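*Asks:* need a 3D model of the following:
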Amino acid sequence: MSLSQLASDLETDKVMAMGLAMHHYQLTRRQIIQEGFNVIRMPMQLVYGRQGGDNVQRVELLLNDQYAASTPSAPALRHLAGTTAIRLDIKANSEHWTNEADRPLSLQIPDGYWEDHKSPPVPIEYDAGSYSQRQVISKAREFDKYGLQLWGTASKTRQKRLTEWIHTLRVSYVVKYVPWWEPAPPED
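*Replies:* The predicted model follows:
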């Protein structure tokens, strides 16, 4: 991968954690900084609602020019970065991806879509941990019209809970553990 590919992908992704960018594109932090990418450093809650000092960490994020100028809230940045982390985790091409996770809360519209133009679009939903069981079930039922739906979350506990909730609906889904601030460990 290259700096130019990172720049191109960031236009679609909007926000990406530095650690994920370095890992996925096989670049150093220094290369990314020297290229002039918009980087912000801020303390962020990694997983919504989790208690403990280790849940708030100083995170470096890359932002495209639009988001660097607008300074979105930490939860909006986390949600965008989470949706990006899903794309990187499944190795989807950014040309087949949309990331609209910054949209004001809309329960019936996914955070993004994965479209390869060969099959129906796959709705993408990143859950930071704030959705109630009722909200998750409502979203999953709505997204069932697409066929497969893909969910990501930054907590293994939350992954298990989402899986339990969605499984009862008998819809086609995948729930992935995707920490948005660092590369996900290999799956078992």
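*Asks:* give me the below-cutoff pLDDT ranges for this protein.
*Replies:* Counting by pLDDT under 70, the chain shows low-confidence ranges at 1, 51-52, 105-106, 186-188.
*Asks:* strands along that one, start to end?
*Replies:* Along the chain, the stretches classed as strands by DSSP state E are 15-17, 38-45, 56-63, 97-99, 112-114, 122-127, 149-153, 173-177.
*Asks:* the lengthiest helix in the chain: how far from the chain's middle?
*Replies:* In the chain, with assignment by DSSP state H, the single longest helix is helix 74-90. Centroid separation for helix 74-90 versus its chain: 2 Å, with CA atoms, centre = their mean, to the nearest Å.
*Asks:* buried residues in it?
*Replies:* Residues of helix 74-90 classed as buried: 76-90 (neighbour count, 16 or more other CB atoms under 10 Å). All C-beta spots, glycine's among them, are computed from the backbone N, C-alpha and C.
*Asks:* can you put the strands of the chain in JSON lines and add distance to T163 and mean neighbour count?
*Replies:* Formatted as JSON lines, these follow (distance: least, CB to CB, whole Å; neighbours: other CB atoms under 10 Å):
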{"stretch": "strand 15-17", "distance to T163": "24", "mean neighbour count": "27"}
{"stretch": "strand 38-45", "distance to T163": "23", "mean neighbour count": "14"}
{"stretch": "strand 56-63", "distance to T163": "26", "mean neighbour count": "19"}
{"stretch": "strand 97-99", "distance to T163": "23", "mean neighbour count": "21"}
{"stretch": "strand 112-114", "distance to T163": "19", "mean neighbour count": "21"}
{"stretch": "strand 122-127", "distance to T163": "11", "mean neighbour count": "24"}
{"stretch": "strand 149-153", "distance to T163": "9", "mean neighbour count": "26"}
{"stretch": "strand 173-177", "distance to T163": "5", "mean neighbour count": "18"}
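*Asks:* need those strands in CSV with distance to E142, can you?
*Replies:* Listed next are the strands of the chain as CSV, based on distance: least, CB to CB, whole Å:
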stretch, distance to E142
strand 15-17, 25
strand 38-45, 27
strand 56-63, 30
strand 97-99, 17
strand 112-114, 14
strand 122-127, 9
strand 149-153, 9
strand 173-177, 12
